[in-house]
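K.L.:
Structure for the following, please:
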Amino acid sequence: MPRKTLLSWSSGKDSAWALHLLRQNPDVDVTGLFCTVNAAFDRVAMHGVRRELLLQQAEAVGLPVQVLEIPWPCSNDDYAAVMSAFVDQARRDGVECFAFGDLFLEDIRRYREERLAGTGIEAVFPLWGIPTAELAQTMVTGGLQARVTCLDPRQLPTVFAGRAFDAEFLRDLPSGVDPCGENGEFHTFAHNGPMFHQPVPLTVGETVERDGFVFTDLRPLPKSDDRHD
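P.N.:
Next up is the predicted model:
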């Protein structure tokens, strides 16, 4: 029997591609997504994506999303308490696996595995170990469409904010920047691709700097409006 799985959903390209791969695995049944949202700003943590857009995205991939609200600022203890309660509920619901879109950061993987140790829920990493240059190219050629919603200006110039994650973007990345942004250089919002039943209509808004990061606001469009970036 396929294992009942929830996917940690950042709204970005990596979690979207993880969903694509998981759906090709007959031993896995992805029944839903979960995503942390900054309660103060009502946006996806770190990515800065509006909750409304997150909900439209989940509908477009055909899965329910559990929104986990975290405070701002959020301490490690605050985050752990929210996740612990969610894990307890997931276990009661018969969830067997949590899937994550992590690529190569050993400390992050270890943290996730330690938090789930003894809960009866296994941590799985469908993208783990894939060379990020190869993975980024595969995403682009495979039809994934995404935009940069947040970047760290200490690692990537501000002019990359709001850009489409495409072949031109990958060619323009400065040397030393991970093509998937795994070191925190940038974060994205995925809005179309093979894991979507329909694209998420959106428009690109203003770019601002806040708390040392640069955010580009993506705004949802009415579903009847067929314009989308």
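K.L.:
Show the residue spans covered by the helices in this structure.
P.N.:
Assigned by DSSP state H, the helices in the chain fall at 13-22, 51-61, 76-92, 106-116, 132-141, 167-172.
K.L.:
From residue 20, how far off is residue 195?
P.N.:
Using Cβ to Cβ, to the nearest Å, residue 195 is found at 4 Å from residue 20. Any C-beta I mention is one placed from the backbone N, CA and C, and that applies to glycine too.
K.L.:
The helix-or-strand element of the chain with minimal mean pLDDT vs helix 106-116, what angle?
P.N.:
The helix or strand of the chain with the poorest confidence is helix 76-92; it has a mean of 92 (mean pLDDT, DSSP states H and E). Relative orientation of helix 76-92 and helix 106-116, computed by axes from the mean of the first three to the mean of the last three Cα atoms, to 10 degrees: 60 degrees.
K.L.:
Mind giving me the packing neighbours of helix 76-92?
P.N.:
With contacts taken as 3 or more Cβ pairs under 8 Å, 6 or more residues apart in numbering; DSSP states H and E, helix 76-92 sits against strand 28-38, strand 65-70, helix 106-116.
K.L.:
Listing partners with orientation, what would you give for the first one?
P.N.:
Looking at strand 28-38 with DSSP bridges, its paired strands and their directions are strand 3-8 (parallel), strand 43-44 (antiparallel), strand 65-70 (parallel).
K.L.:
Send me it as PDB with only the CA atoms.
P.N.:
Only the C-alpha atoms of strand 28-38 are listed here, as PDB (Å, rounded to 0.1, in the frame of the first residue of the first chain):
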ATOM      1  CA  VAL A  28       3.900   7.200  -2.000                       C
ATOM      2  CA  ASP A  29       0.400   8.800  -1.700                       C
ATOM      3  CA  VAL A  30       0.700  12.600  -1.300                       C
ATOM      4  CA  THR A  31      -2.600  13.500   0.400                       C
ATOM      5  CA  GLY A  32      -1.800  17.100   1.400                       C
ATOM      6  CA  LEU A  33       0.600  20.000   1.900                       C
ATOM      7  CA  PHE A  34       1.700  22.000   4.900                       C
ATOM      8  CA  CYS A  35       3.200  25.400   5.000                       C
ATOM      9  CA  THR A  36       4.300  27.900   7.600                       C
ATOM     10  CA  VAL A  37       2.800  31.400   7.400                       C
ATOM     11  CA  ASN A  38       4.000  34.400   9.300                       C
END
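K.L.:
average model confidence for it?
P.N.:
Across strand 28-38, the average pLDDT comes to 97.
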